[in-house]
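> with the input below, show me the fold.
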Amino acid sequence: MRTYNQLFALMRRNNGMRLLLLAVYAILVWQYYAKTMPSSIFVGAFRPAVDSFTPPLVENMYPILFVVCGVALPLEIFSEYLSIPDSLIYIRRRRGPAHFCRYLAILFVYSAVYTGIQVWIAFLVIPDCNAKTLLSTSLCAQFTLILLMLVSNFGYLLDNRAAGYISALVLYGLVLCLNPLLRWLIQDAVYLPHWVPVYGVLALVLIAANAFAFSRLQII
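Below is the predicted model of the structure:
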């Protein structure tokens with residue numbers, strides 16, 4: 001119950017900025033569905049460039065918008081929640097592993113809701129939508145968002161927000177510039193696409209890095 005109370009207290013701040021971000025993103029997504037011939041690939045999922053004359057980064061502008069809005073929308077409330085010390089004891093101390101696990105669960109739920117709403121919209125507006133393709137690519141987009149939020153949170157925990165956000169954007173931008181890598185990531189390896197094991201390894205590394213930075217937090 002305390003977890004919900006703390007999150008709601010943080011969420012009540014800066015609601016105007018969140019509404020502005022959502023409005024801008026909604027307009028851009030509306031243009032995507034109105035002015036292009038949308039495929040069953042989820043709007044926020046990366047894709048290799050089909051035309052050799054089109055840079056893959058240009059082809060992936062909407063996936064970039066998806067993660068930029070997804071990372072920016074919480075306005076760091078999840079990172080703030082993670083950094084809140086235990087206020088119910090006389091000597092304030094760092095939260096334990098359970099608090100860090102709750103943070104990870106909140107991150108997963110947020111990314112699922114953020115992605116799920118857009119999947120539902122895609123089902124409504126795309127005629128003859130291939131459900132399997134849409135759901136699989138939306139999962140890729142969701143876990144991409146989680147990884148980038150972990151990168152930015154690592155910078156927050158190290159008291160260097162700018163480095164965290166810049167690192168997340170630059171790393172994702174570099175990946176989107178490499179068309180052969182994008183093709184390889186979406187290819188199937190046995191029963192799953194390559195991005196699944198790659199993301200699994202990256203998630204373990206980033207969770208371990210965040211857990212270490214979390215354990216080193218200074219208590220005020």
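> please make it C-alpha for all contacts and neighbour counts, starting now.
OK.
> longest helix anywhere in this structure?
Longest helix in the chain, counting residues (DSSP state H): helix 97-125.
> who are the packing partners of it?
If you count contacts as 3 or more Cα pairs under 8 Å, 6 or more residues apart in numbering; DSSP states H and E, helix 97-125 packs onto helix 77-83, helix 131-157.
> which of those helices sits closest to Cys177?
Shortest distance between Cys177 and the helices and strands packed on helix 97-125, using Cα to Cα, is found for helix 131-157: 15.6 Å.
> and that closest one, what's buried?
134-135, 137-157 (16 or more other Cα atoms under 10 Å).
> burial count for Leu185?
Counted with other Cα atoms under 10 Å, the burial measure for Leu185 works out to 20 neighbours.
> so what's it up against?
193-195 (Cα atoms under 8 Å, 6 or more residues apart in numbering).
> next up, the contacts around Val119.
Remark: with contacts taken as Cα under 8 Å, 6+ apart, Val119 is in contact with 42, 134-135, 138.
> just flag the most distant two among the residues you listed.
Pairwise distances among the contacts of Val119 were taken by Cα to Cα; the largest, 7.6 Å, belongs to Phe42 and Leu135.
> any idea how far Val71 is from the residue at minimal distance from the centre of the chain?
Nearest residue to the geometric centre of the chain (Cα atoms, centre = their mean): Leu145, 1.8 Å. Leu145 sits 7 Å away from Val71, going by Cα to Cα, to the nearest Å.
> next: Val113.
Shown here: Val113 relative to Val71, a distance of 13 Å by Cα to Cα.
> which secondary structure element of this protein has the lowest mean pLDDT?
Sorted by mean pLDDT, DSSP states H and E, the helices and strands of the chain end with helix 2-11, the least confident at a mean of 54.
> quick check: angle from the longest helix of the chain to helix 131-157?
What separates the directions of helix 97-125 and helix 131-157 is an angle of 140 degrees, with axes from the mean of the first three to the mean of the last three Cα atoms, to 10 degrees.
> show me which positions of helix 97-125 end up buried.
By neighbour count with 16+ other Cα under 10 Å, helix 97-125 contains the buried residues 99-100, 103-104, 106-108, 110-112, 114-116, 118-119, 122.
> then stretch 206-219?
By neighbour count with 16+ other Cα under 10 Å, stretch 206-219 contains the buried residues 206-207, 210-211, 213-214, 217.
> need these in CSV with distance to Ser83, secondary structure and pLDDT, can you?
Supplementary listing: those in CSV, determined by distance: Cα to Cα, whole Å; DSSP: H, G, I helix; E, B strand; the rest coil; pLDDT from 0 to 100:
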residue, distance to Ser83, secondary structure, pLDDT
Leu206, 17, helix, 98
Ile207, 15, helix, 97
Asn210, 12, helix, 96
Ala211, 12, helix, 95
Ala213, 11, helix, 93
Phe214, 8, helix, 93
Leu217, 8, coil, 78
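> looking at those, which is nearest Leu65?
Scanning the buried residues of stretch 206-219 for proximity to Leu65, where the rule is Cα to Cα, the winner is Leu206, at 22.2 Å.
> how about low-confidence regions in this protein?
Counting by pLDDT under 70, the chain contains low-confidence residues at 1-14, 36-38, 85-94, 218-220.
> can we see that at 50?
Applying pLDDT under 50 to the chain flags the ranges 1, 89-93, 220.
> before we move on, back to that, tabulate the helices and strands packed on helix 97-125 in JSON lines, adding columns for distance to Phe53.
As requested, these are arranged in JSON lines below (distance: least, Cα to Cα, whole Å):
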{"stretch": "helix 77-83", "distance to Phe53": "41"}
{"stretch": "helix 131-157", "distance to Phe53": "24"}
